[in-house]
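Visitor: Take a look and give me a structure for this.
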Amino acid sequence: MNFNFTKIRKFTGWILIIVSIILSIVGIVVAAMGEFLKGGGIYVASQVTWYPGLALLGPEIIQKSKDIWNNLKQRIKDFFK
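Guide: Model prediction:
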């Protein structure tokens, strides 16, 4: 049962991140066309979807950051051996 919730949490988090990226690009394009209020509103909507997506993917982001940090530390140690 817990596995199903994890899959749903990851799927929802990635969907929110993807929607946020698309909205951000659309907001910048609309603002570049001269519609600053509409573009700004779309950009704000992209931020509203970005942060919940990050919150849902938090455990995976933390684990990936730890993996990258440990890999970097190991490479530095190996370089100075």
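
Visitor: residues contacting Lys38?
Guide: Contacts here follow CB atoms under 8 Å, 6 or more residues apart in numbering; on that basis Lys38 touches Val30, Ala31. For glycine as for every other residue, the C-beta is placed from the backbone atoms N, C-alpha and C.

Visitor: mind listing what's buried in whatever helix or strand it lives in?
Guide: Taking DSSP states H and E as the definition, Lys38 sits inside helix 36-56. If you call a residue buried by 16 or more other CB atoms under 10 Å, then helix 36-56 has these buried ones: Gly39, Ile42, Tyr43, Ala45, Ser46, Thr49, Trp50, Gly53, Leu56.

Visitor: mind checking which helix or strand the residue lying closest to the second one once chain neighbours are set aside is in?
Guide: Of all residues not flanking Ile42 in the chain, Gly27 sits nearest, at 3.5 Å (CB to CB, 6 or more residues apart in numbering). In this structure, Gly27 sits in helix 2-32 according to DSSP H and E.
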